[in-house]
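1. 3D model of this:
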Amino acid sequence: MSAIMVASAKGGVGKSSLCVGLGRILAEHGHTTLLVDMDIGVRSLDLLLNVAERTVYNWGDVLLNNCDPLKALIGIAPNLALLPAPIQSSDEYNAEAMKKLIDYYKDKFEFIILDSPAGIEACFKLSLKASDKCIIVSTPDPISIRAAGNAASLVRKGGINDIRLVLNRFNKKQHKNICVDDVVDSVTARFLGIVPESTDIALTAIGEELPYDSKGNMAYLRISKRLLGENIPFRIKNI
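-> This next block holds a predicted model:
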């Protein structure tokens, strides 16, 4: 069982879509998975998963003892559940309490994926304290890559050494001069995979599921297998 923080120091890189894609593919292959929305106020996973109308409780309610930890979960599909984020912040949302809650869920789920908000503010720190591993998400542009390197440095200082990198929205024609090895060296994180720029992935923004054999879903499948320890070759021509 592991808690994986998915982070970026810059918004708009597709971090939440990656969380949803990985969560769905892991669940479809029999791995119990919990998605945790850590973005207070801006929460988006309930919309991406098309369960906004079913959202009653959130992890803030659990920390404030307003509901049982299991009652706050929303079942999405077999093996997949969501723990929504609160709408408003509170001084009682502290890192130790968040870690204790995530540790509780570790007995129930094989994978816990925390969708950390963009940037390095309070909820970034909550996610960091509660996680064992981190996936940094970046697009191939220089600003995003620099921000990814900053995020990786902060994660490492926070005590997480298992840091992976996903390059999102990669266009083979547009980014043909991008050297993946150089990006990995710049971010100082182990390479986990590439997700291609795909019109199919845009479906998740309106709560639709990706077709199983779509390029985006196949990228998520390869990434999930690497998370599980399988030796999946990195071949840009296959993205």
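
2. what helices or strands is the helix or strand of the chain with the lowest mean pLDDT leaning on?
-> Least confident helix or strand, the chain: helix 180-187 with a mean of 84, by mean pLDDT, DSSP states H and E. If contacts are counted by 3 or more C-beta pairs under 8 Å, 6 or more residues apart in numbering; DSSP states H and E, helix 180-187 sits against strand 133-138, helix 142-157, strand 163-170, strand 190-196. For every residue, glycine as well, the C-beta is placed using N, CA and C.

3. For that helix, buried residues please.
-> Residues of helix 180-187 classed as buried: 180, 183, 186, 187 (neighbour count, 16 or more other C-beta atoms under 10 Å).

4. As JSON lines, these with distance to residue 131 would be great.
-> Converted to JSON lines, those look like this (distance: C-beta to C-beta, whole Å):
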{"residue": "180", "distance to residue 131": "25"}
{"residue": "183", "distance to residue 131": "23"}
{"residue": "186", "distance to residue 131": "23"}
{"residue": "187", "distance to residue 131": "18"}
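
5. and of the residues you listed, the nearest to residue 193?
-> Nearest to residue 193 out of these is residue 180 (C-beta to C-beta; 10.3 Å).

6. Look up how far residue 125 lies from that closest one.
-> 30 Å (C-beta to C-beta, to the nearest Å).

7. So which of the buried residues of helix 180-187 is the closest to residue 150?
-> Taking the buried residues of helix 180-187 together and measuring to residue 150 by C-beta to C-beta, the closest member is residue 187, at 9.2 Å.

8. ok and the least confident helix or strand of the chain relative to helix 142-157, angle-wise?
-> 50 degrees (axes from the mean of the first three to the mean of the last three C-alpha atoms, to 10 degrees).

9. Other residues contacting the one helix or strand residue 60 maps to?
-> Secondary structure assigned from DSSP states H and E places residue 60 in helix 59-63. Helix 59-63 is contacted by residues 36, 40, 67-69, 72, 83-86, 88, 90, 92-93, 97-98, 101 when judged by C-beta atoms under 8 Å, 6 or more residues apart in numbering.

10. Sort out for me which of those are in helices.
-> 97, 98, 101 (DSSP state H).

11. who wins for neighbours among those?
-> Most neighbours among the ones in helices among the contacts of helix 59-63, by other C-beta atoms under 10 Å: residue 98, with 24 neighbours.

12. distance of residue 47 from residue 82?
-> In terms of C-beta to C-beta, residue 47 sits 11 Å off from residue 82.

13. no wait, residue 162
-> With C-beta to C-beta as the criterion, residue 162 and residue 82 are 24 Å apart.

14. who's more crowded, these two?
-> Neighbour count, other C-beta under 10 Å: between residue 162 and residue 82, residue 82 has more, with 27 against 15.

15. That one contacts residue 54, correct?
-> No: counting by C-beta atoms under 8 Å, residue 82 does not reach residue 54; the two are 9.2 Å apart.

16. which residues are in contact with both of those two?
-> Common contacts of residue 82 and residue 54, defined by C-beta under 8 Å, 6+ apart, comprise 46, 74.

17. Show me what the least confident helix or strand of the chain is in contact with.
-> With C-beta under 8 Å, 6+ apart as the criterion, helix 180-187 contacts 136, 138, 140, 145-146, 148-149, 152, 165, 167, 190-191, 194, 234, 236.

18. Which of these are buried, as a PyMOL select command?
-> The PyMOL selection below is limited to those of these classed as buried (16+ other C-beta under 10 Å):
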select buried, resi 136+138+140+145+148+149+152+165+167+191+194
